[in-house]
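K.L.:
Predicted model and sequence follow; I will ask about them next.
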Protein chains: 4
Amino acid sequence: MLNIAIIGAGRIGQVHAKTVASHPGARLVLVCDPVGDAAQNLATQYGARSCQEAEEVFADAEVDAVVVGSPTPLHIPHLLAAAKAGKAVLCEKPIALDMADVKAAQAELDAITTPVMFGFNRRFDPSFAAVHAAVQDGHIGALEQLTIISRDPAAPPVEYIKVSGGIFRDMTIHDFDMARFFLGEITQVHAVGQNLDPAIKATGDFDAAVVTLKAASGAVATIINNRHCASGYDQRLEASGSAGALFAENIRATTVRLSNAQVTDAQEPYLDFFLERYADAYRLELSAFIESVEQGRPTPTTTADAIAALALAEAATESARTGQPVQLD
Amino acid sequence: MLNIAIIGAGRIGQVHAKTVASHPGARLVLVCDPVGDAAQNLATQYGARSCQEAEEVFADAEVDAVVVGSPTPLHIPHLLAAAKAGKAVLCEKPIALDMADVKAAQAELDAITTPVMFGFNRRFDPSFAAVHAAVQDGHIGALEQLTIISRDPAAPPVEYIKVSGGIFRDMTIHDFDMARFFLGEITQVHAVGQNLDPAIKATGDFDAAVVTLKAASGAVATIINNRHCASGYDQRLEASGSAGALFAENIRATTVRLSNAQVTDAQEPYLDFFLERYADAYRLELSAFIESVEQGRPTPTTTADAIAALALAEAATESARTGQPVQLD
Amino acid sequence: MLNIAIIGAGRIGQVHAKTVASHPGARLVLVCDPVGDAAQNLATQYGARSCQEAEEVFADAEVDAVVVGSPTPLHIPHLLAAAKAGKAVLCEKPIALDMADVKAAQAELDAITTPVMFGFNRRFDPSFAAVHAAVQDGHIGALEQLTIISRDPAAPPVEYIKVSGGIFRDMTIHDFDMARFFLGEITQVHAVGQNLDPAIKATGDFDAAVVTLKAASGAVATIINNRHCASGYDQRLEASGSAGALFAENIRATTVRLSNAQVTDAQEPYLDFFLERYADAYRLELSAFIESVEQGRPTPTTTADAIAALALAEAATESARTGQPVQLD
Amino acid sequence: MLNIAIIGAGRIGQVHAKTVASHPGARLVLVCDPVGDAAQNLATQYGARSCQEAEEVFADAEVDAVVVGSPTPLHIPHLLAAAKAGKAVLCEKPIALDMADVKAAQAELDAITTPVMFGFNRRFDPSFAAVHAAVQDGHIGALEQLTIISRDPAAPPVEYIKVSGGIFRDMTIHDFDMARFFLGEITQVHAVGQNLDPAIKATGDFDAAVVTLKAASGAVATIINNRHCASGYDQRLEASGSAGALFAENIRATTVRLSNAQVTDAQEPYLDFFLERYADAYRLELSAFIESVEQGRPTPTTTADAIAALALAEAATESARTGQPVQLD
């Protein structure tokens, strides 16, 4: 049984609180958020304590592990402080908004000895994980082309977008990690940004994009993103290899199909939103974290993974702005 | 190249005319229909000759084979006359409206030496045929349960229904043949008739039915019929065996799927009606007929098959009326 | 928060123990089973107390509600005793093996004043429930034909079958309830039993069946059962109406599809077995039970429903044995 | 009735011969091929005349229209000669291997007054055409992202590849036309070439590629190509818009699905190869050509379309070689 504290009572903090509270191997003991009574409200819901200062979390002897769900600029400070206090850490993505911040903290990050895992939850989605396992087991031969479709049901508020670090760091970061999960080392990034919504364009950000990634293996990944999708949260993946192909499809709440004079076999909209769509993934991510901590095994998504995904996001940002592909070291 | 005449320029005659005219191994030479200029109109469309008297067909030296698409009470007379004239015959189903008519002609039917085939076109549908072949090849082990869903898009005119011989002879006859195709000898029939449309009820006929057939093998077939179906021509089949199951699904004109805020993966209505849905089946049925005639091989659907299907239709009619199951010899 | 005891630590008791233990509105306080340490083992798993005598359950002041998962012949005695002790009861199906037992207890059953609900969990399956709601809302017009496919992955041990009351009471009972859920009053039952496995035949029971039910409304339901299915737990439902049709499909653990030179879009076997396939249904069934108890509302599946399903099972048993349809009052 | 000659009795010439011969509005009168008895063999199959010199085609008074299926370097010469002889022309893609050849002939091409159409058959595929029509009709709002998956079952012989003009001119040319069909003017091309097969790499060509196209409208198209695909001829298209999405799926010969202990709902491999997969498209393309010729209406795929597709192929070739995106005028 792992005693877990959560820093950040916002949208993602609430997801983690629910996941931790209902996990048979975890106990939610403390929720921290500096804003108003956010921490208290969330903590009360699950019978946990609350606080407003992150330092209280790090100093709390009952806390074994910390889920860092604070705003991105605080990820590295909170991660480092928690680790220094001897806590295991499950940190949200991206690791930072700027690679310079990572580099400035690199020595400290390298010195961490407690378990650290990053919240690339989609690796734990049962369907994506099954595709990955089948590829690893050689069921489609050599992987040649990976296609990731990832569209949100609707764009977040413009205020959020302004501080999000841009679509590639905020949204595509999951897909970059997925591409690395399947393809390993990426050597070149090309991104085309789209401006469909003038309000988002006014922030200087894109709201849709197509990214092409060349892997050292010779395989190519294509990521197709959009901040909105009329049919719901569109999350698909297709791995095509020399001997076959694997597809992970969208998920609906039921299997019901309707046929009438207008349509046949019509299904309901895709599960909205990430809490519902990736509920299993968050639960399995937490299980993997607990298992790593309790059994002293390496975490499945490391700080190095988080840094690599951020590097891809930065390269895509540059490519979409300049129009030129970006080579990675 | 087989020179073919068609008797009957109605709905099914038109289907055959089109199929014969476009078949590389057949030539439509003569169309016969006593009603007005029906024969002439159809013949002109395909560059064939026309006549109004069936006797002219039987006497025509150019005619190698006759497709009998006349009203059901004329099937046996036309079949016998054509055979006596030395023509090969492809006869529509059912063989007769009444088993007494069959018995009265049994000796003459038995004496036929020219090739005779019956129009159970669905045996030649590529999907149903593929399921049948896979069952025969043992892909699902021993066949245990067969389910046939067969619904027309809309009921024919009441005037047609009145002379149709009833739903079991007119519509289910295809499904009875399909059940025999898969299961062989049937030993018991139970039918439940439904009256959904008062206008059809007024004719004394049912417009929907569920029929259960026990086979000598121990397998059971279920046939679900309806004279109308909002989504189009609903034609499916499911074979379930000891080691697996096979499904033949509905067919649409395109593969297009639509997703939006109301539906996802919605497809278009099923192909309407039998001409479109079974276009391939009619073509392959004709190929099988030509092949049998030209190579002197037994036809795949025989007079015995036609009689057996009619016997099932009569048994179902009786069962639906009395409520009791009917044993077959 | 409802304090719940479970009587019976067998297969279904284990399902309920897990469901109760993980339900936010319920607490598993007591597990009872007379056999060896079965109760203790199950109770320990969820931090509950255990006992071997049902009387201890009824006398336990902490217990608000009892889940009756004992062998079928004990359902009525346990149900009555629990109710007399003032406990709410969630009782497993069937209510009894013999309608005579129901009639003998009818007066006592009628006198119960505590909430009683029967475990027809499939009514709570999200997909079946969504189809039912759509039918009720008129999305397919008048319901005309209902088809229920229900096949278990593998037959239970012959020892279980011998005391099960037969396939119609033990397995089809769920489908009878589903037919009543959709069609209301049933007026006629016809059943064809099949003997595919000689070992089950030797017990005098069938291991597959096709049942046809006529409803007072004129609609017809077809139930297709099999004690084994190579592809897993085959649980489907199809409602066809005057204006459209609705389908509830099988469920798999992931959405993954595989294409290669042999197959395309191949999916994994269906979820096995009822615990996995109906996990949501058991959870929602429990929620409905808790809600009824706590809000003093009628339970959604009543003793009358349980008796009606048993009556259908008895009628089907008779029909399959005699070959004749059975009229219901 | 249009009298048609075919130049080129190779793979594509054979496709056209079959399509013309079985089209109710066309007559195959002449087949021309300089190599051995290729023309004669093909002509005999359909009861047409044959010749070895293209000049004989142009001089033939019976010939109304010419299908140009000669090697690509001869497309422009044959197109011009046929047009000068007053024949309507249906010319295969690409128009040339090199834009310089187009420019050299531009004045002559511009001067043509007979109907000229280019063989972008996929525009006539019923599924792609239905998606296009639905997009035009506003069914998915503004088109934002188009994804084209186009994989051949197996690479052609290396000898063919050497003279093919490269993957972008030979294979992607269809997809470039499809992108233009949906998106109109393209302003930027970025291509990543892949070398999966060393034998093809040795020819200096790629055997797989991912191409990103920016349209003037702000929409983006992604083309994913591969010279081989284990599951068959993988031909899909997905149009995603502000209000919904449309998908055109792969096609199989039957609708059969198989379920057993290993797989569920497994379908057969996709239709191989273009003759089967696009049989309807070739037929409808020919109908459109005949209709344009006979009714004096503009052809649906013009020389300008052919030149624009070639320009995209050249841009993609350059981009894949240099790694840089290429701007179009």
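P.N.:
Everything's here; your move. Numbers count the residues shown, from 1 in each chain, chains lettered A, B, ... in the order given.
K.L.:
check which helix or strand covers the residue in the stretch 1-150 of chain A that chain B sits nearest to.
P.N.:
Going by Cβ to the nearest Cβ, chain B is nearest to A:Ile149 of the stretch 1-150 of chain A, at 11.8 Å. Every C-beta, even on glycine, is put in place using the N, C-alpha and C of the backbone. Secondary structure from DSSP states H and E places A:Ile149 in strand A:143-151.
K.L.:
Paired strands for that strand, with orientation please.
P.N.:
strand A:220-226 (parallel), strand A:234-241 (antiparallel) (DSSP bridges).
K.L.:
List the contacts of the shortest one.
P.N.:
Pointing back at strand A:220-226 there. A:144-152, A:167, A:171-172, A:175-176, A:179, A:182-183, A:186, A:196, A:207-215, A:234, D:144-145, D:147, D:192, D:194, D:208, D:210, D:222, D:224, D:240 (Cβ atoms under 8 Å, 6 or more residues apart in numbering or on different chains).
K.L.:
quick one: average confidence on that strand?
P.N.:
Taken as a whole, strand A:220-226 has an average pLDDT of 98.
K.L.:
Tabulate the CA atom coordinates of it in CSV.
P.N.:
This file holds the C-alpha atoms of strand A:220-226, laid out as CSV (Å, rounded to 0.1, in the frame of the first residue of the first chain):
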residue,chain,number,x,y,z
VAL,A,220,8.4,6.9,-40.3
ALA,A,221,5.7,8.1,-37.9
THR,A,222,2.9,10.5,-38.9
ILE,A,223,1.0,12.4,-36.2
ILE,A,224,-2.3,14.1,-37.1
ASN,A,225,-3.5,16.5,-34.4
ASN,A,226,-6.5,18.8,-34.1
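K.L.:
Now do it: distance to the chain's middle.
P.N.:
Relative to its parent chain, strand A:220-226 has a centroid offset of 16 Å by Cα atoms, centre = their mean, to the nearest Å.
K.L.:
In contact with the residue of the stretch 1-150 of chain A closest to chain B, which residues?
P.N.:
Contacts of A:Ile149 (Cβ under 8 Å, 6+ apart): A:Ile224, A:Asp234, A:Gln235, A:Arg236, A:Leu237, A:Glu238, D:Thr147.
K.L.:
mind redoing it with 7 Å?
P.N.:
Counting by Cβ atoms under 7 Å, 6 or more residues apart in numbering or on different chains, A:Ile149 makes contact with A:Ile224, A:Asp234, A:Arg236.
K.L.:
And the pLDDT for the second one?
P.N.:
Per-residue confidence (pLDDT) for A:Asp234: 98.
K.L.:
Name whatever forms a beta bridge with it.
P.N.:
If you apply DSSP bridges, the partners that A:Asp234 bridges to are A:Arg151.
K.L.:
Repeat that for the first one.
P.N.:
On the basis of DSSP bridges, A:Ile224 is bridged to A:Ile149, A:Val210.
K.L.:
Number of residues surrounding it?
P.N.:
The tally of other residues near A:Ile224 (other Cβ atoms under 10 Å in any protein chain shown) stands at 24.
K.L.:
Okay, it and chain C: tell me how far apart.
P.N.:
A:Ile224 sits 18 Å away from chain C, taking Cβ to the nearest Cβ, to the nearest Å as the criterion.
K.L.:
that older thread, out of the contacts of A:Ile149, which one sits closest to D:Val35?
P.N.:
A:Ile224 (44.8 Å; Cβ to Cβ).
K.L.:
Can you give me the distance of the closest one to D:Val220?
P.N.:
8 Å (Cβ to Cβ, to the nearest Å).
K.L.:
sorry, back to before: right, and the helix or strand after the strand holding A:Ile149?
P.N.:
Counting by DSSP H and E, what follows strand A:143-151 is helix A:158-162.
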